[in-house]
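S.K.: pasting the structure only:
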């Protein structure tokens, strides 16, 4: 019973071609996160939503945008992917108390 | 930016041995959590320890927290081959709900 679902599992895009990654949740959690994880590195927080309030990390490039149209869905838009944006993108959700995050299986993005 | 460092970066042990991983962080925290990640998958929550706690147990897991040193350790006892994974600590640095991860320890348990 998947609770945080990311689609697609693998995404291939071309250099400079916009791409959107999606995440949905059935947990009704207030907080949704997007992390970028490169090989053998820690997940790096890009931004998160607390309900509709968007919180961007200071070092997240402008190339990365996010949308949360409702509680269940959150999207990561990469406007002009570069080769350096190839990574695993992880979506996670958390409740108000932030005591446990639930992760999706991730989307592995390749940029050609 | 990441919250802290973990050591060792990689740890290889035999099945049945204990594995200890350490995590350091930089700012005051409300709680510290440990997560496990199998290769190419999402992270799975293992255990949480609050800032006013010093030790916590869950099955074969034992977590300690030293807020004066801004460090935590995760002990896995009687390790199994299935424990092979990367282990990350995560902290919430304040009231902004942002959860940041340490660099992680890659654990290999040889059968």
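M.R.: Yep, it's here. Since the structure is predicted, the reported quantities are computational estimates derived from the model, not experimental observations.

S.K.: next helix or strand past the helix-or-strand element of chain B with minimal mean pLDDT?
M.R.: Every helix and strand of chain B was ranked by mean pLDDT, DSSP states H and E. The lowest is strand B:4-7, at a mean of 73. Helices and strands here follow DSSP states H and E; after strand B:4-7, the next one along the chain is strand B:10-14.

S.K.: just the closest residue of chain A to chain B, please.
M.R.: residue A:103 (3.4 Å; Cβ to the nearest Cβ). The C-beta positions use only the backbone N, C-alpha and C, and glycine is treated the same way.

S.K.: once you drop chain neighbours, what's closest to the residue of chain B found nearest chain A?
M.R.: Closest approach between chain B and chain A, counting by Cβ to the nearest Cβ: residue B:42, at 3.4 Å. Distances taken as Cβ to Cβ, 6 or more residues apart in numbering or on different chains put residue A:103 closest to residue B:42, at 3.4 Å, once the chain neighbours are dropped.

S.K.: give me the neighbour count for the residue of chain A closest to chain B.
M.R.: 23 (other Cβ atoms under 10 Å in any protein chain shown).

S.K.: can you tell me which residues in chain B are near chain A?
M.R.: By Cβ under 8 Å from any Cβ of the partner chain, the residues of chain B that approach chain A are B:1-2, B:30-31, B:33, B:35, B:40-45, B:48, B:88, B:90, B:92, B:96-104, B:106.

S.K.: just the residues you listed: which are in helices?
M.R.: When the residues of chain B next to chain A are checked against helices using DSSP state H, none is located there.

S.K.: can you select the buried ones from these in PyMOL?
M.R.: Here is the PyMOL selection string for the buried members of these, based on 16 or more other Cβ atoms under 10 Å in any protein chain shown:
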select buried, chain B and resi 2+31+33+35+41+42+43+45+48+88+90+92+97+98+99+100+101+102+103+104+106
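
S.K.: thinking again about what came up before, the residue of chain B closest to chain A: what's it in contact with?
M.R.: Residues near residue B:42 by Cβ atoms under 8 Å, 6 or more residues apart in numbering or on different chains: A:4, A:6, A:90, A:92, A:103-106.

S.K.: among the residues you listed, which pair sits farthest apart?
M.R.: A:92 and A:105 (11.2 Å; Cβ to Cβ).

S.K.: the more surrounded of these two?
M.R.: Between residue A:92 and residue A:105, counted using other Cβ under 10 Å, residue A:92 has the larger neighbour count: 30 against 17.

S.K.: what sits against the more buried one?
M.R.: A:4, A:32-33, A:35, A:101-104, B:42-43, B:99.

S.K.: rerun that using 6 Å as the cut-off
M.R.: For residue A:92, the contact set (Cβ atoms under 6 Å, 6 or more residues apart in numbering or on different chains) comprises A:33, A:101, A:103.
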